[in-house]
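Colleague: Please work out how this folds:
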Amino acid sequence: MTLSQLPVSTIFVYSIAAAAALIYLPFLLVAYARVQIGYEAFATPRAKFDKLPPYAQRATWAHQNSFETFIVFASAALMAYVTGVNSPTAAVAAIAFVVARLLYSIFYIVNIPLLRSLMFAVSSLGSATLIVLSIIQANS
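Modeller: Numbers count the residues shown, from 1 in each chain. Down below sits the predicted model:
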């Protein structure tokens, strides 16, 4: 079964799961950097934040931002799921969110601010689209 053959409601569920997993992707680099620093980085992670290399600091911020955007996206996707939104636009919005968040973390870690900001905008638009489609569906 290809992605285009999946029911839109299934895409919502899978995209929520993928977005949840993506929260922790940047943190793998943070953990790697902490291993390089030594035990103290694990014992007192906030106190040793300034000792992390710049890529690991950016990975920490990407990780934190992923929590913030996940809350809105999961709510939006669940709204669409519950209201029975069933359109290709909704499926594209959900998939675009996941892809944009993956790229957001990558661009944040490698320090490409313009592309990072663009991916933030794309992911925000995906969430907003699902919210609007849910409201329209609920009112029809």
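Colleague: now for the helix or strand hosting A76, which elements pack on it?
Modeller: Here A76 sits within helix 54-83, counting by DSSP states H and E. Judged by 3 or more CB pairs under 8 Å, 6 or more residues apart in numbering; DSSP states H and E, the packing partners of helix 54-83 are helix 8-37, helix 88-109, helix 113-138. Yep, even glycine has a C-beta here, placed from its N, CA and C like the rest.
Colleague: In the chain, where is pLDDT below threshold?
Modeller: 1-4, 39-42, 46-47 (pLDDT under 70).
Colleague: Spatially central, which residue of it would that be?
Modeller: The C-alpha lying nearest the average C-alpha coordinate of the chain belongs to R101 (CA atoms, centre = their mean; 4.1 Å).
Colleague: which residues sit in contact with that one?
Modeller: Taking CB atoms under 8 Å, 6 or more residues apart in numbering as the definition of contact, the neighbours of R101 are A19, L22, S66, T69, M119, S123.
Colleague: count of neighbours near the nearest residue to the fourth one once chain neighbours are set aside?
Modeller: Going back to what we said before, that points to T69. Nearest non-adjacent residue to T69, counting by CB to CB, 6 or more residues apart in numbering: S123, 6.0 Å away. Under the neighbour criterion other CB atoms under 10 Å, S123 is assigned a count of 27.
Colleague: Isn't S123 up against I95?
Modeller: No - between S123 and I95 there is no contact under CB atoms under 8 Å: 11.1 Å.
Colleague: buried set for the helix holding A76?
Modeller: When neighbours are counted by 16 or more other CB atoms under 10 Å, the buried residues of helix 54-83 are found to be 55-60, 62-63, 65-66, 69-70, 72-74, 76-77, 79-81, 83.
Colleague: could you give the angle of that helix to helix 88-109?
Modeller: Here the directions of helix 54-83 and helix 88-109 differ by 170 degrees (axes from the mean of the first three to the mean of the last three CA atoms, to 10 degrees).
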